[in-house]
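Novice: With the input below, show me the fold.
(one chain, ligands or ions: 1)
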Amino acid sequence: WVPQQQPQQRRSHTSTLAADTVDARYYSLFETPLQTQIQTLPPVTLNRFLQAKVQEQPELRDLESLYLAVQMACKTISTLVHRAGLVTPTSTPKDSYSDGRYYSMKRLDLLSTLVLKNALKYTGKCQVVEPAVRLDSESPATHQPGVLIAKSLQQEKRSFVAVLDPLDGSGNADASICTGTVFGVFEQSEQSDEEEALIQAVLQPARRMRAAGYCLYSSATVMVVAIGDSVQGFTLDPQTKEFVLTHPDLTIPSRGNVYSCNEGNSEGWDPAFRQYIQTIKTGRGQTGQRYAHRYVGSMVGDIHRTLLYGGIFCYPRDNQDHPNGNLQLLYKSAPMAYVVEKAGGRALGDADQSLLDITPERVHQKYPCFMGSADDVAELQEYLRLESSQ
Ligand SMILES: O=P(O)(O)OC[C@H]1O[C@](O)(COP(=O)(O)O)[C@@H](O)[C@@H]1O
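Specialist: This is a model prediction of the structure:
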């Protein structure tokens, strides 16, 4: 909707219609000097940011094309996700997906995977493989996310190889709950283009990543990238369709007051972890403050909130349905952990092991994870150590 009249003209009307009053208030926002200033500031787009980065560090040039392809795909996926309710059939066909949720989940997953794959391929600078979907024995009959591995094709001695989860939390999209794309980038030392070699190239601990990031599709679409030693957040401007730097040099607060986990699994948790949660939520932890519980059930959303506000996100093992937690290490928790640590937080896989030091044995392997504000993770670590010493 475009206003047909200037605010000044509208206010000159003597009509006292409520709509006019509301409009006047709306326009007056834009007349304040501060707002005028903000609007005239030249935005730093992701493209410009990357160009500047490459000028500083020319060895990142290959990474630039990968990032540009990912951001292009994320713009399309953002539109797909936001239009999901408009284009997905509401009645679920009775086919191989007995559960209606899995049907549209699968559909959005496939679409996002295709969009991302094409964006990467059409750069002409990336080779893309989609590792065959094999169900992990630890998660029989559950939804298996699509995953992509992309390699930059520059004829340099080194090349980059990225692992990408096109749409984390796709099962939530029907309820308009946030979802996300996750990626992590390694260097490939051995120059082979065989699928198996590419898979091996990403089966590395996240500490060896050269970059990682995610795109959150929520009330806004936000791309957060860890590149070099800093973390930058860019918001997609729906008018210009550009990612604009809105969260420069993101750092996670050293302490928060929110814990985020699937408390429905608490019966099967290790006693020490259960004790930790009980302690912080009743205000008997180190801060003496009662922690609030927040759990979207969409990892990217839960971790993004943790990054901005502080606190702790956990997916521990339980002795019922999740002997290794419920998050795939390689393409979900490890890249997120990389971002969190680059932002000054911490991430654990076990009592004494950083999540960044765990080598995935296979693409879809799940692993317990705990990440967030450094002081909160340190407090939890004491409980995990207690458990492992028993
Ligand atoms: O339902 P649970 O066990 O809490 O698991 C939720 C987790 O599963 C995920 O939704 C992953 O789902 P997808 O398989 O759709 O990618 C995470 O985003 C989220 O944290």
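
Novice: Asp302 is in contact with Asn262, isn't it?
Specialist: No. Taking contacts as Cβ atoms under 8 Å, Asp302 lies outside contact range of Asn262: 9.8 Å. Every C-beta, even on glycine, is put in place using the N, C-alpha and C of the backbone.

Novice: Show me which of these two is the more surrounded one.
Specialist: Neighbour comparison, Asp302 and Asn262: the larger count goes to Asp302, with 26 against 16 (by other Cβ atoms under 10 Å).

Novice: Helix, strand, or coil at that one?
Specialist: helix (DSSP: H, G, I helix; E, B strand; the rest coil).

Novice: what sits in contact with each of Asp302 and Asn262?
Specialist: Jointly contacting Asp302 and Asn262 under the rule Cβ atoms under 8 Å, 6 or more residues apart in numbering are Tyr295.

Novice: how far away is Gln55 from the ligand?
Specialist: 36 Å (Cβ to the nearest ligand atom, to the nearest Å).

Novice: how about the helices in the protein?
Specialist: For the chain, applying DSSP state H gives helices covering 7-12, 18-31, 33-40, 46-56, 61-82, 84-87, 100-121, 195-202, 271-281, 299-309, 334-342, 374-389.

Novice: Make CSV from these and add distance to Val128 and mean pLDDT to it.
Specialist: Converted to CSV, these look like this (distance: least, Cβ to Cβ, whole Å; pLDDT from 0 to 100):
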stretch, distance to Val128, mean pLDDT
helix 7-12, 50, 42
helix 18-31, 44, 51
helix 33-40, 39, 53
helix 46-56, 20, 91
helix 61-82, 10, 89
helix 84-87, 24, 75
helix 100-121, 5, 76
helix 195-202, 9, 83
helix 271-281, 38, 97
helix 299-309, 22, 98
helix 334-342, 17, 98
helix 374-389, 35, 93
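
Novice: of all those helices, which gets the most neighbours per residue?
Specialist: helix 334-342 (a mean of 27; mean count of other Cβ atoms under 10 Å).

Novice: Now do that helix: distance to the chain's middle.
Specialist: The chain centre lies 10 Å from the centre of helix 334-342; the measure is Cα atoms, centre = their mean, to the nearest Å.

Novice: And for that helix, what's in contact with it?
Specialist: So helix 334-342 is contacted by 163, 182-184, 205-207, 209, 212-214, 224, 226, 229-231, 252, 299-300, 303, 306-307, 346-347, 354-356, 358, 360, 369, 371-372 (Cβ under 8 Å, 6+ apart).

Novice: Up against the ligand, what does the protein have?
Specialist: By the rule Cβ under 6 Å from any ligand atom, the part of the chain lying against the ligand is 143, 145, 168-171, 262, 297-299, 326.

Novice: What's the ChimeraX line that selects buried ones from the residues you listed?
Specialist: Entered in ChimeraX, the line below selects the buried ones among the residues of the chain next to the ligand, by 16 or more other Cβ atoms under 10 Å:
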select :145,168,169,170,171,262,298,299,326
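
Novice: So for the residues of the chain next to the ligand, which is the shakiest by pLDDT?
Specialist: By pLDDT, His143 ranks lowest within the residues of the chain next to the ligand, coming in at 52.

Novice: any idea what sits nearest whichever residue of the stretch 51-200 of the chain sits closest to the ligand, other than its immediate chain neighbours?
Specialist: For the stretch 51-200 of the chain, the residue closest to the ligand is Gly169, as judged by Cβ to the nearest ligand atom, at 3.8 Å. Counting by Cβ to Cβ, 6 or more residues apart in numbering, Gly169 lies nearest to Ser298, which is 3.5 Å off, once chain neighbours are set aside.

Novice: what's the answer for Pro131, then?
Specialist: Nearest to Pro131 is Val363, by Cβ to Cβ, 6+ apart, at 5.2 Å.

Novice: where does that neighbour fall, phi/psi-wise?
Specialist: With angles defined as degrees, to the nearest 10, Val363 sits at phi -60, psi -50.

Novice: before we move on, the earlier item: now intersect the contacts of helix 334-342 with the strands, please.
Specialist: Among these, DSSP state E puts 163, 182-184, 212-214, 224, 226, 230-231, 346-347, 354, 369, 371-372 in strands.

Novice: Alright, calling it a day.
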